[in-house]
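Peer 1: I need the structure of the sequence given here:
(2 chains)
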There are 2 protein chains.
Amino acid sequence: MTAHGIVETPAFMPVGTQGTVKAMLPRDLKDLGCQILLANTYHLYLRPGAELIRDLGGLHRFMAWDRPILTDSGGYQVFSLAAMRKISEEGARFQSHLDGSAHLLTPEKAMEIQAALGSDIAMVLDECIPHDATYEYAQSSTARTIRWAERCLEARRKKDQLTFGIVQGGMYEELRRWCVDKLTRMPFDGFAAGGLGVGEGEELLHSIGAFTARLLPEDRPRYLMGVGRPDDIVKAVLAGYDLFDCVIPTRNARNGSLFTFDGKLSIKRAEFAADPRPVDESCGCYCCRSFSRAYLRHLFVAGEILSSQLNSLHNLYFYHRLMESCREAIRLERFQTWASGFRLRMLGEADQEEAR
Amino acid sequence: MTAHGIVETPAFMPVGTQGTVKAMLPRDLKDLGCQILLANTYHLYLRPGAELIRDLGGLHRFMAWDRPILTDSGGYQVFSLAAMRKISEEGARFQSHLDGSAHLLTPEKAMEIQAALGSDIAMVLDECIPHDATYEYAQSSTARTIRWAERCLEARRKKDQLTFGIVQGGMYEELRRWCVDKLTRMPFDGFAAGGLGVGEGEELLHSIGAFTARLLPEDRPRYLMGVGRPDDIVKAVLAGYDLFDCVIPTRNARNGSLFTFDGKLSIKRAEFAADPRPVDESCGCYCCRSFSRAYLRHLFVAGEILSSQLNSLHNLYFYHRLMESCREAIRLERFQTWASGFRLRMLGEADQEEAR
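Peer 2: Predicted coordinates for the structure are as follows:
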């Protein structure tokens, strides 16, 4: 339950990096059942600026989205996009990737920006630890993330904004346990697992992910940040996670990679040039109800904007249908069976892809 | 009345160059009142190919558009886009701008392609005469265009496809009159004025345009090809034209230039950075009902696809509202008064633009 409504979980959050889910009209996002969006604090802070958005009535009004929004803290993008970043106890100094201007992102500043944006859920500032970090680095970084979490809570300004803590600890179960232990003593409204899906490989992602999920309180939302592919999400739901975000459906769409319940399909392939079938016969989205693979391939090859629009619409519809299927299977108490069936189907196609 | 329904005139046809009106879902085109589209034979013939589209059920099905479609003959693009073009009595030889492959577009071929596409209205193959052509060139070119028109009529294959003749003649009234005289003796379903809006200047456009319109039979549609700006269209409606097409609303949209009934607005300007107003207070489109100028400027500056989507939606809505206003004023028999008022308002803004 957020200031802008209830979110049924497990739920997937499309990523609206710069205040727009790329190539999607908000009304079409609503139509496909999107309940909640993620927006990137780093991007919106740099352009057009958080005060500007606040003065225009907040992010919901700015982007014409009246359902819940979760904002990240900006930390992840500082570490992945900004130049000359330097981390200290105070916060993270960095230069904008847009114009090189110097900025300091502190826990307090991250909360201030998110309050100005007016999101429903704010994330604490953390450091996303590289997956190959040493134990010593991971330990001292996690200790700082814990101290930053406290500072974030103290800096909370907006009454109707929920705040989620972020569990770090690298690939070390001991550190994950310690971080969970510290964070769960603080009055967070939910918890996220961070530092996963960052190159550690599937096995570690799921083992550390599941380990962390088991430690987190069941009465509050558990959010696996930045994950991921459909089968990663299904596995993570099995492990107990409730919330997900990822650029995969929209980014893949723009690259012509389309999801179906029988695996992925690369629309640019010559074999689809005269294919009258929709992307997915079983899909009820506008794209599949209206257009052939041949048309979608033509749009992609011709470099048409409509290609990104239709592909994004389809992939997001797929992700939301996937989450709906998860929720349905959970309601019917047969999620485990459903999940193994789903993974087998996706796996089958992956093998076929490799064989080609 | 076409095979896919009635078109209320005067009407504007958005341009769907490659089988898509750039950045627009067909369902959104329908929502804003679009009655008929134009598609480019040249582009679709080269990619993905007319036979392919025919085999997939025709262009309507291919692009999921069940209302009327008019196709041009391909001639204009051969002269403006293709390399190494050479014109002879037989037709136009050219090399594809995509891959350099050699092609020959004859009147018969132009009709064959348009039959394969299955458009509701086919245009004859003509040569679009440069505005600065000599009398001698214009005369011999027009004579060939007339002979090609006859060949096109003989080559008609599709019973439920209307065919329009195209009046050329350059900037010479005598040649225009001669061309009209010849073409109106042939059983065309409508007539177009070609070779206007090609750099001859506003005065000649409207004088030659009006001269030609007066000569054409009133009982069949008169189509002014490739025109134009809102005030050009209003003037041309006054002169008697019924159909228009132009890339201006969609191309300008992608460049951040937005139409309002008080003139144009360049959304990238810094003055709109914090402007909470919609593009046009009086506009009922999704873009104006939902988003501020500040948001639209942000999208444009950030290079977001949604910028092209929302701007195109607004500009096409504007054009269709403009045509609706024309039709309404004509119904009420006060079009002349309405038109002068409209042109004054647009002119006022143009002066303001210059003064800045």
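
Peer 1: backbone phi and psi for residue A:105, please?
Peer 2: When read as degrees, to the nearest 10, the backbone of residue A:105 gives phi -100, psi 110.

Peer 1: actually, residue A:121.
Peer 2: With angles defined as degrees, to the nearest 10, residue A:121 shows backbone torsions of phi -130, psi 130.

Peer 1: that one touches residue A:191, doesn't it?
Peer 2: No. With contact defined as Cβ atoms under 8 Å, residue A:121 and residue A:191 do not form a contacting pair (11.6 Å). To be clear about C-beta, it is placed using only N, CA and C from the backbone, and glycine gets the same treatment.

Peer 1: now do the SS call for residue A:196.
Peer 2: Assigned with DSSP: H, G, I helix; E, B strand; the rest coil, residue A:196 falls in the coil class.

Peer 1: next: the one 10 residues further on.
Peer 2: In the three-state summary, residue A:206 is assigned as helix, counting by three-state DSSP.

Peer 1: dump the residue contacts of the residue nearest to it when sequence neighbours are not counted.
Peer 2: Closest residue to residue A:206 apart from its sequence neighbours, by Cβ to Cβ, 6 or more residues apart in numbering or on different chains: residue A:235 at 5.5 Å. Taking Cβ atoms under 8 Å, 6 or more residues apart in numbering or on different chains as the contact definition, residue A:235 lies against A:206, A:339, A:343.

Peer 1: ok, of those residues, which come out buried?
Peer 2: Of the members of these, the ones counted as buried by neighbours, 16 or more other Cβ atoms under 10 Å in any protein chain shown, are A:206, A:339.

Peer 1: looking at the contacts of residue A:235, which one is closest to chain B?
Peer 2: Using Cβ to the nearest Cβ, residue A:343 comes nearest to chain B of the contacts of residue A:235, at 32.5 Å.

Peer 1: skipping adjacent residues, who's closest to that closest one in space?
Peer 2: For residue A:343, the nearest residue in space outside its immediate sequence neighbours is residue A:231; the separation is 5.2 Å by Cβ to Cβ, 6+ apart.

Peer 1: for the one you found, helix, strand, or coil?
Peer 2: Here residue A:231 is recorded as helix under three-state DSSP.

Peer 1: ok so, going back, doesn't the residue nearest to residue A:206 lie inside a strand?
Peer 2: No. Following the definition three-state DSSP, residue A:235 is helix and is not counted among the residues of a strand.

Peer 1: what pLDDT does it get?
Peer 2: Predicted confidence (pLDDT) for residue A:235: 96.

Peer 1: against chain B, how distant is it?
Peer 2: Taking Cβ to the nearest Cβ, to the nearest Å as the measure, residue A:235 and chain B are separated by 32 Å.

Peer 1: and that residue, how far is that from residue A:36?
Peer 2: For residue A:235, the distance to residue A:36 (Cβ to Cβ, to the nearest Å) stands at 21 Å.

Peer 1: that older thread, any chance of the contacts of residue A:235 in CSV, plus distance to residue B:94 and pLDDT?
Peer 2: Converted to CSV, these look like this (distance: Cβ to Cβ, whole Å; pLDDT from 0 to 100):
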residue, distance to residue B:94, pLDDT
A:206, 58, 97
A:339, 57, 94
A:343, 53, 81
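
Peer 1: quick one on the thing from earlier: shared neighbours, residue A:121 and residue A:191?
Peer 2: If you check residue A:121 and residue A:191 against Cβ under 8 Å, 6+ apart, the residues they both contact are residue A:164.

Peer 1: which residues of the stretch 251-356 of chain A fall in helices?
Peer 2: Chain-ordered helices for the stretch 251-356 of chain A, with DSSP state H, counting those that start in this stretch as the definition, fall at A:286-290, A:293-301, A:305-331, A:335-355.

Peer 1: those residues of chain A touching chain B, which are they?
Peer 2: Selection of chain A residues close to chain B by Cβ under 8 Å from any Cβ of the partner chain yields A:18-20, A:22-27, A:47-48, A:52, A:55-57, A:62-64, A:273-274, A:276, A:286, A:290-292, A:294-295, A:297-299, A:301-302, A:304-306, A:308-310.

Peer 1: read off the pLDDT value for whichever residue of the stretch 151-300 of chain A sits closest to chain B.
Peer 2: Closest to chain B within the stretch 151-300 of chain A is residue A:290: 4.0 Å, counting by Cβ to the nearest Cβ. The predicted structure scores residue A:290 at 98 on the pLDDT scale.
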